[in-house]
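Peer 1: pasted the sequence and its predicted model underneath.
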Amino acid sequence: MSGAGRRPVVSGNWKMHLNHFEALQLVQKLSYNLTDADFDAADVTVHPPFTDLRTVQTAIDSDKMKVQLGAQTCHFADKGAFTGEVSPAMLAKLHVQWVIVGHSERRQLFGETDSLVRRKLQAVLDHGMKPIVCVGETLEERELGATATKVEGQVRAALEGCSPEVVAGLVFAYEPIWAIGTGRTATPDDAQTTCALVRRVVGDLAGAGAADAVRVQYGGSVKASNASELLSQPDVDGLLVGGASLDADEYAAIVAAAR
């Protein structure tokens, strides 16, 4: 367990990697590598590309895997003339349990705004899935000392209109944009400081109970070699893992660090 008895969440974001044959091999090997002790200690999620979801879902269901299925994003509408988009209703039908919302790559490369992220968050909740709400600053913002301002603004925008009960069940992921895919990682102290900031803002908006319950992951060049130190921080309740989650052995070692 992480700080205050919160159950860690370790999530593997596969991004735009692996066809459905490769995805099947990866989830099967990952499930084989993980133990009951791993699943007793943490929620373990994988987030394949859309084209892989059905294959991975079928494997999880048929083999009764304890790995939980997630998606990388979704549209906010249930249906409509939105060419190329995937709705939360479609994901829910595939037994998707988790959806990443507002990943920095979505914000930076595809122009997702705070208001759009808020709409997606609500859509995910409306369909009984759990959002992982991403927040984080650019290198320029970090160097200007604007990390707290940026992250607080993102948290406040995401939670607008949410009840304390809803907020308590959310997962946030602090992922400094400058650390994603660069090999650079925030120090454990950096991760702790900003994850604690997220919790403080949640407390300001939704009360102490929600702040104690909300789970905050760290993401950004997470590896087996730094997972334990990151998870040892009192306000880091899990990890959002990118490239390392594409290696079943490495990802299993990261999950084991949550025990």
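Peer 2: It's in.

Peer 1: sketch out the low-pLDDT regions of the chain for me.
Peer 2: Along the chain, segments meeting pLDDT under 70 span 1-3.

Peer 1: from the centre of this protein, point out the most distant residue.
Peer 2: Largest separation from the mean C-alpha position in the chain: residue 81, at 28.0 Å (Cα atoms, centre = their mean).

Peer 1: so which helix or strand takes in that residue?
Peer 2: For residue 81, there is no host helix or strand (DSSP states H and E).

Peer 1: measure it to residue 67 for me?
Peer 2: 34 Å (Cβ to Cβ, to the nearest Å). Just so you know, the C-beta spots here come from the backbone N, C-alpha and C atoms, and that holds for glycine as well.

Peer 1: run a quick neighbour tally on the nearest residue to residue 36 once chain neighbours are set aside.
Peer 2: Computed as Cβ to Cβ, 6 or more residues apart in numbering, the closest residue to residue 36 that is not its neighbour in sequence is residue 66, at 8.0 Å. Close neighbours of residue 66, defined as other Cβ atoms under 10 Å, add up to 15.

Peer 1: ok, residue 66 - contacts?
Peer 2: 31, 34, 36, 39, 44 (Cβ atoms under 8 Å, 6 or more residues apart in numbering).

Peer 1: next, the residue farthest from the centre of the chain: phi, psi?
Peer 2: Residue 81 has phi and psi values of phi -80, psi 70 when expressed as degrees, to the nearest 10.

Peer 1: got the buried residues for stretch 181-188?
Peer 2: Judged by neighbour count (16 or more other Cβ atoms under 10 Å), stretch 181-188 contains these buried residues: 185, 186, 188.

Peer 1: what does that stretch contact?
Peer 2: With Cβ under 8 Å, 6+ apart, stretch 181-188 has contacts from 176, 178-179, 194, 218, 220-223, 226, 229-230, 232-233, 236, 242-243.

Peer 1: let's see that with 10 Å instead.
Peer 2: Defining contact as Cβ atoms under 10 Å, 6 or more residues apart in numbering, one finds that stretch 181-188 is touched by 15, 105, 136, 139, 142, 147, 174-176, 178-179, 191-195, 218-223, 225-226, 228-233, 236, 242-243.
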